[in-house]
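> okay, sequence plus prediction incoming.
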Amino acid sequence: MVNVAHTLENLHTERRTFKPPASFAAHANATSYEYKKAGVDRLEYWREAALRLSWKTPFTEILDWSDAPVSRWFHDGTLNACDNAVDRHVREGRGDRVAFHFVGEPGDTQTLTYADMHVRVQQAANALVSLGLTKGDRVAIYLPQIPEAVVAMLACARIGAIHSVVFGGFSTESLRQRIDDAEAKLVITADGGNRRGQHLALKPLVDEALASHGEGSAHPGVCESVEHVLVVRRTGQDTAWVEGRDVWWHDAVDHQSAEHEPAWVEAEHPLFILYTSGTTGTPKGLFHSTGGYLTGVAHTHRIVFDLKPESDVYWCTADVGWVTGHSYIVYGPMTNGATQVLYEGTPNSPHEGRWWEIVEQYKVTILYTAPTAIRTFMKWGETIPNQYDLSSLRLLGSVGEPINPEAWMWYRRVIGGDRCPVVDTWWQTETGAIMISPLPGVTASKPGSAMTPVPGISIDVVDDAGRPVANGEGGYLVVTEPWPSMLRGIWGNRHRYVSTYWNHFDGLYFAGDGAKKDVDGDLWLLGRVDDVMNVSGHRLTTTEIEHALVAHPWVAEAAVVGAADEVTGQAVVAFVIVRSDADGIPADGDEVASALREHVRRQIGALAKPRTILVVAELPKTRSGKIMRRLLRDVAEHREVGDVTTLADSSVMDAIRSGLEGGA
Ligand code: ATP
Ligand code: MG
């Protein structure tokens, strides 16, 4: 008997379903055979996926799980990730295909073919070698979203160096921690980047991080591993210079020979280190392999995004500093020979139609973005996208947070013209590649559900005792079998790897997210287990209440937290942003709050009715756009606000705090 006493309550119901359009299904890369094949022999399925890569030495073993929970995939094969992402296309006659349409925020553009990328990665690889880098060395990359970021990552991969990309825009302190944790020998940065019409300096933050080492400093011994700083000139702003340490990218790279033999690495050779976004606490430095990782990202990119490399123009709006940029801008799409848009700036520079202008101009066919962006566009109103021709789009994707059903519907209708399938893709930095998603052309979709595990991935929802819950119930999301692109660990800390992911349920990977199975067995992600609220003995998730709030025509965004309450244990506190095109919205915040409280009661039930609703202008988000509920909880419980190093805009917290105190 399944013990349901402690699993998550499952309150909200969504019944809309969209079948895959027949016209899409007729040409889709994936068919239902995909699920069948993986169901019969999972390892054989992954072997076939791995064989689509270009291997220098073929592998003979698929999975070695003898050192669980560290897996080894295809471990006796050798390959190179840069060779797969670039050289192979040139070798096989696809050099003239555009790899990137780059759009800078100020309006500068570049068109880079695979042949162009081939020259650039070889020159950059030679430059890295001349700076003394070799296989296994770590390189910190702290760049804006410009082609050099992609080239730098691939050049590292080419020589077998391990990159650690740090978001341009993270503070000196975050950068210092990451450089130190990986003991990076080289930092690749730029003078600055363009952000909302401003030049955002980057190099001074690197200088500050590095200057702090040495005697008498506040951080002696810090960042001593760094020998050189390679600096891309992007904005042309003045930059301090440390002779002997700092090198301009154009000086180091441009005169290099455009011939470089890739380092053929073992499949298990680490490709990169990347830190999680820090939504639930201190970021974790995860590392990924080469062969298994590349297999996972290339395969999922092909079947989930239905990429037709000859005709599609694919645009993933993520930053390369986030795992989505690694897997679904650099390694997956490039391995598949995709033509992509790469955009440096923000969605509202210089105007709120910028993205749609880019879609129209480059005839983007596949768009992959995050719920936070979609909700922002809802807030700005649909008249903006309606001014552009978006008819080239044929598929829409979402990642990063649970997508509210109303945001999903808006995305489908306003951006996708009611014709494009929407794929809600669940995955994590840890999983490397997409784990749960509909396959367009095969799987029906439901607004707000990521539907089913992709073929070859085994996922379940379990109760406190690790037993699968029945359909219609909620619990913890776990992965039950190893998969090729799974993390290989936390850099330098096997113990933390085991205790974070493998100690909760015997033999199961614990994702840290809550989920429910609906009556059909389809999966609904319910947010972080850390965010679960206990209201009068009922375990409620933030996601369902947020979904209900966003379903109200006035609301663009909502964040819900549980705050300590003498009567109920915890009480629901909601922070909402209203839509600028909302009709009939009262000017008085209290009236808005009481109408919304009543709306939640009607939609879900009295249990979920927020005690407090606060109308705010902004929500605290990470640089990757995720809402940081733990900070809102700190505010709601009148505590010192926790680790804010990955927050995009720290002034948001002050504004919210003063608003709450004013309203309390
Ligand atoms: P940290 O682990 O440091 O708290 P993080 O979990 O935010 O950071 P990421 O690896 O970037 O860092 O995010 C993965 C998480 O994002 C998932 O565990 C999940 O909570 C959320 N997520 C991603 N995609 C989806 C999705 N499609 N639906 C629901 N949640 C999603
Ligand atoms: Mg996480």
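Structure's in. What do you need? Ligands and ions are numbered 1, 2, ... in the order given.
> could you pull out the strands for the stretch 251-400 of the chain?
Here the stretch 251-400 of the chain has its strands, by DSSP state E, counting those that start in this stretch, at 265-266, 272-275, 285-288, 313-316, 339-343, 366-369, 395-398.
> and the fourth one, what does it pack against?
Contacts of strand 313-316 with other secondary structure elements, assessed using 3 or more C-beta pairs under 8 Å, 6 or more residues apart in numbering; DSSP states H and E, are made with strand 339-343, helix 354-362, strand 366-369. Every residue, glycine included, has its C-beta placed from N, CA and C.
> and that strand with ligand 1, contact?
No. Judged by C-beta under 6 Å from any ligand atom, strand 313-316 and ligand 1 are separated, with a smallest distance of 13.5 Å.
> switch to numbering from 43
Got it, the first residue is 43 from now on, which makes the last one we talked about strand 355-358.
> output that strand as CSV, nothing but the C-alphas.
Output of strand 355-358 as CSV, limited to C-alpha atoms (Å, rounded to 0.1, in the frame of the first residue of the first chain):
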residue,chain,number,x,y,z
VAL,A,355,16.5,28.7,-38.1
TYR,A,356,16.7,27.9,-34.4
TRP,A,357,16.9,30.4,-31.6
CYS,A,358,17.5,29.5,-28.0
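> avg pLDDT for stretch 442-459?
Mean pLDDT, stretch 442-459: 96.
> so what's residue 63 up against?
Listed by C-beta atoms under 8 Å, 6 or more residues apart in numbering, the contact set of residue 63 reads 461, 463.
> what packs against the longest helix seen in the chain?
Longest helix in the chain by number of residues (criterion: DSSP state H): helix 156-172. Here helix 156-172 touches helix 130-133, strand 140-145, helix 189-201, helix 291-295, going by 3+ C-beta pairs under 8 Å, 6+ apart.
> which parts of the last one are buried?
So the one you mean is helix 291-295. 291, 294-295 (16 or more other C-beta atoms under 10 Å).
> how about the first one?
Residues of helix 130-133 classed as buried under the neighbour-count rule (16+ other C-beta under 10 Å) are 130-132.
> got the CA coordinates for it in PDB?
The C-alpha coordinates for helix 130-133 follow below in PDB (Å, rounded to 0.1, in the frame of the first residue of the first chain):
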ATOM      1  CA  ARG A 130      32.700  17.400 -39.000                       C
ATOM      2  CA  HIS A 131      30.300  19.700 -40.900                       C
ATOM      3  CA  VAL A 132      33.200  21.100 -42.900                       C
ATOM      4  CA  ARG A 133      34.600  17.600 -43.500                       C
END
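> next, count neighbours for residue 78.
Neighbours of residue 78 under the rule other C-beta atoms under 10 Å: 11.
> list the contacts for residue 536?
Per C-beta under 8 Å, 6+ apart, neighbours of residue 536: residue 112.
> whichever residue of the stretch 543-692 of the chain sits closest to ligand 1 in helix, strand or coil?
With C-beta to the nearest ligand atom, the shortest gap between the stretch 543-692 of the chain and ligand 1 falls at residue 567, namely 3.5 Å. For residue 567, the assignment made with DSSP: H, G, I helix; E, B strand; the rest coil gives strand.
> skipping adjacent residues, who's closest to it in space?
residue 444 (4.7 Å; C-beta to C-beta, 6 or more residues apart in numbering).
> around ligand 1, pick out the residues from this structure.
Contact residues (C-beta under 6 Å from any ligand atom) of the chain with ligand 1: 318-323, 325-326, 365, 441-444, 466-468, 470-471, 492, 553-555, 567, 570, 666, 668.
> inside helices: which ones of those?
residue 365.
> ok, the residue of the stretch 343-492 of the chain found nearest ligand 1 - contacts?
Closest contact between the stretch 343-492 of the chain and ligand 1, by C-beta to the nearest ligand atom, is at residue 471 (3.4 Å). Contact analysis of residue 471 by C-beta under 8 Å, 6+ apart lists 316-319, 326, 328, 365, 529.
> quickly list what the residue of the stretch 543-692 of the chain closest to ligand 1 is bridged to.
Applying DSSP bridges to residue 567 gives these bridge partners: residue 557.
> quick check, it in contact with residue 469.
No. In this structure residue 567 lies outside contact range of residue 469 using C-beta atoms under 8 Å: 10.6 Å.
> wasn't residue 672 part of a strand?
No. Counting by three-state DSSP, residue 672 falls outside a strand, being helix.
> OK, contacts around the nearest residue to it once chain neighbours are set aside?
In space, and not counting its chain neighbours, residue 672 is closest to residue 684: 6.0 Å by C-beta to C-beta, 6+ apart. Under the criterion of C-beta under 8 Å, 6+ apart, the neighbours of residue 684 are 323, 672-673, 676.
> model confidence for residue 684, exactly?
76.
> helices and strands of the chain: which one bottoms out on pLDDT?
Least confident helix or strand of the chain, by mean pLDDT, DSSP states H and E, is helix 693-705 with a mean of 72.
> flag the shaky bits of the stretch 243-392 of the chain, pLDDT-wise.
Across the stretch 243-392 of the chain, the ranges flagged by pLDDT under 70 are 254-264.
> end to end, how far does stretch 614-626 reach?
For stretch 614-626, the first-to-last residue distance is 26 Å (C-alpha to C-alpha, to the nearest Å).
> what's the answer for stretch 108-115, then?
11 Å.
> in it, what counts as buried?
For stretch 108-115, the neighbour count (16+ other C-beta under 10 Å) marks 111-115 as buried.
> distance from the chain centre to that stretch, please.
Mean-position distance between stretch 108-115 and its chain equals 25 Å (C-alpha atoms, centre = their mean, to the nearest Å).
> smallest distance to ligand 1 belongs to which residue of the stretch 143-292 of the chain?
Taking C-beta to the nearest ligand atom, the stretch 143-292 of the chain has residue 209 as its residue nearest ligand 1, at 11.3 Å.
> okay, the residue nearest to residue 429 when sequence neighbours are not counted: pLDDT?
With sequence-adjacent residues excluded and distances taken as C-beta to C-beta, 6+ apart, residue 429 is closest to residue 395, at 6.1 Å. For residue 395, the pLDDT comes out at 97.
> is it true that residue 395 touches residue 432?
No. If you go by C-beta under 8 Å, residue 395 and residue 432 don't touch, sitting 10.9 Å apart.
> now for the residue nearest to residue 420 when sequence neighbours are not counted: which residues touch it?
Leaving aside its sequence neighbours, residue 420 sits nearest to residue 598 (C-beta to C-beta, 6+ apart; 4.8 Å). Contacts for residue 598 (C-beta under 8 Å, 6+ apart) come out as 417-418, 420-421, 592, 619-621.
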